[in-house]
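J.: Structure here, sequence nowhere to be found:
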């Protein structure tokens, strides 16, 4: 799942590649990261590489996760609360195994 990240390790391409593969991996659950809303806004996740280093035999990556959430209600026509998105931010750490390309959230 992180094969391109491993190939790009210690190059200028690592940051965009690891962010792209992290987003596609499905490891990051926005529902678990939310603090303000109760539903993540689809397609709003953006990642930023904060740090990356060898941790024993693994690559430890710290990512900033930016996304939008909403407070989902009944969405009735007379609902006085319009749907407003709220900015959310969290940090996650992913441990990448360079031998098989697998990753896990720490």
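T.: Great, that's in hand. Predicted model only: the values in this text are computed from it and were never measured.

J.: Sketch out the low-pLDDT regions of the protein for me.
T.: 73-83 (pLDDT under 70).

J.: quick one, helices of it?
T.: Counting by DSSP state H, the chain has these helices, from start to end: 3-8, 14-25, 30-33.

J.: For residue 64, find the nearest of these.
T.: Taking CB to CB, helix 14-25 is the member of the helices of the chain nearest to residue 64, at 9.7 Å. To be clear about C-beta, it is placed using only N, CA and C from the backbone, and glycine gets the same treatment.

J.: Can you give me the neighbour number for the residue nearest to residue 52 when sequence neighbours are not counted?
T.: Excluding the flanking residues, the one nearest residue 52 by CB to CB, 6 or more residues apart in numbering is residue 61, at 4.8 Å. Taking other CB atoms under 10 Å as the criterion, the count of residues near residue 61 is 27.

J.: Does residue 61 touch residue 93 like I think?
T.: Yes - contact criterion CB atoms under 8 Å: residue 61 and residue 93 qualify, at 6.8 Å.

J.: distance of residue 105 from residue 94?
T.: 6 Å (CB to CB, to the nearest Å).

J.: Next: residue 53.
T.: Separation of residue 53 from residue 94 (CB to CB) stands at 12 Å.

J.: Now do the shared contacts for these two.
T.: Both residue 53 and residue 94 are in contact with residue 60, where contact means CB atoms under 8 Å, 6 or more residues apart in numbering.

J.: These two - which one has more neighbours?
T.: residue 94 (23 against 9).

J.: sorry, back to before: shared neighbours of residue 105 and residue 94, anything?
T.: Taking CB under 8 Å, 6+ apart as the contact rule, residue 105 and residue 94 both touch residue 27.

J.: quick one on the thing from earlier: so which of the helices of the chain is nearest residue 100?
T.: Closest approach to residue 100 among the helices of the chain (CB to CB): helix 3-8, 9.1 Å.

J.: quick revisit: adding distance to residue 41, write the helices of the chain out as CSV.
T.: As requested, those are exported to CSV (distance: least, CB to CB, whole Å):
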stretch, distance to residue 41
helix 3-8, 26
helix 14-25, 15
helix 30-33, 9
